[in-house]
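>>> Below are the sequence and a predicted model for it; my questions follow.
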Amino acid sequence: MGFRALRVVNEDRVKPGYGFPTHPHRDMEILSYVMEGALAHKDSMGTGSVIRPGDVQRMSAGTGVVHSEMNPSPNEPVHFFQIWLLPEKRGIEPSYEQKRFETPEKQGRLKLVASQDARDGAVKINQDVDLYAGVFASSDAVHMPMRPGRHAWVQVARGGVTLNGTALSQGDGAAVSEEAALDIVATSSAELLVFDLA
């Protein structure tokens with residue numbers, strides 16, 4: 001049922017021309033992060049966009065929104081993560097935001113891509129969560145101090161890493177509590193999503 005405010009991290013692979021037809025959500029912060037291919041988004045707020053690798057999309061469902069996500073390509077699959085976060089409060093006005101973060105911004109480091117205060121150009125989310133994305137070459141290392149009382153979720157989107165000495169592979173997720181820091185070393189080329197959670 002999730003970890004802290006993080007409800008789910010869905011990793012989806014969708015065939016050309018397929019996807020998720022129009023369906024409703026409410027009171028959920030929904031983030032999409034595309035690894036390969038493209039994802040076409042439409043919603044009842046009148047938003048229509050295509051999400052590609054490097055893009056981070058946030059949809060706050062709030063009082064209710066209807067949306068669809070489809071693979072618009074006739075021949076290329078799409079591989080993406082869809083993340084659900086519980087909002088800080090219920091019944092907010094639905095909203096949408098999409099920003100692009102190029103690979104050099106994430107190379108060899110953890111780049112803030114979503115946060116409650118939208119600092120450093122991040123997408124704004126309605127919850128006390130910082131989401132970082134990182135792209136690493138083999139043997140790249142990063143040290144991320146953890147504030148007292150905070151928790152982390154580390155999702156390996158591609159490749160492999162060690163997290164505080166524990167080996168993680170593509171598709172693995174790790175919940176972290178009561179640690180002073182995250183020490184991450186890439187054991188191959190890798191891509192990570194790291195959540196700093198209250």
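Thanks, I have the structure now. Residues are numbered from 1 along each chain as shown.

>>> ok, L86 - contacts?
Residues near L86 by Cβ atoms under 8 Å, 6 or more residues apart in numbering: 2, 5, 7, 27-29, 127. Placement of C-beta: from N, CA and C, glycine included.

>>> can you rerun that using 7 Å?
5, 7, 127 (Cβ atoms under 7 Å, 6 or more residues apart in numbering).

>>> what does G149 give?
Counted by Cβ under 7 Å, 6+ apart, G149 has zero contacts.

>>> Can you give me the pLDDT of it?
Listed pLDDT for G149 reads 96.

>>> same thing with M1?
Looking at M1, its pLDDT is 71.

>>> how many neighbours does it have?
Applying other Cβ atoms under 10 Å, we find 4 other residues in the vicinity of M1.

>>> gap between the residue of the chain most remote from its centre and F101?
Relative to the centre of the chain, the most outlying C-alpha is that of P74, 25.7 Å out, by Cα atoms, centre = their mean. The gap separating P74 from F101 is 28 Å, by Cβ to Cβ, to the nearest Å.

>>> What of H41?
17 Å.

>>> can you list contacts of the helix or strand in which Q57 is found?
Element membership of Q57, judged by DSSP states H and E, is strand 55-60. For strand 55-60, contacts defined as Cβ under 7 Å, 6+ apart pick out 29-34, 41, 43, 51, 65, 67, 87, 92, 94-101, 113-114, 123, 125-126.

>>> Now do it, average pLDDT.
In this model, strand 55-60 carries a mean pLDDT of 97.

>>> In its sheet, which strands sit next to it, and in what direction?
strand 29-36 (antiparallel), strand 95-100 (antiparallel) (DSSP bridges).

>>> so what are the domain limits for this structure?
Following the assignment in automatic domain parsing, the chain carries domains at 6-100, 103-197.

>>> re earlier: show me just the buried residues among the contacts of strand 55-60.
Neighbour counting by 16 or more other Cβ atoms under 10 Å classes 29-34, 41, 43, 51, 65, 67, 87, 94, 96-99, 101, 113-114, 123, 125-126 among the contacts of strand 55-60 as buried.

>>> dump the residue contacts of E93.
With Cβ under 7 Å, 6+ apart, E93 has these contacts: 62-63.

>>> how close does it sit to G48?
Distance, E93 to G48, using Cβ to Cβ: 19 Å.

>>> And for A167?
Look at A167 and G48: by Cβ to Cβ, they are 42 Å apart.

>>> Would you mind confirming that E97 is in contact with K124?
Yes - with contact defined as Cβ atoms under 7 Å, E97 counts as touching K124 (6.4 Å).

>>> Three-state assignment for V135, please.
Secondary structure assignment for V135 (DSSP: H, G, I helix; E, B strand; the rest coil): strand.

>>> so it touches E105, yeah?
No - using Cβ under 7 Å, V135 is not in contact with E105; the gap is 9.0 Å.

>>> between these two, who's got more neighbours?
V135 (23 against 17).

>>> Which residue is the nearest non-sequential neighbour of the more buried one?
With sequence-adjacent residues excluded and distances taken as Cβ to Cβ, 6 or more residues apart in numbering, V135 is closest to K106, at 4.5 Å.
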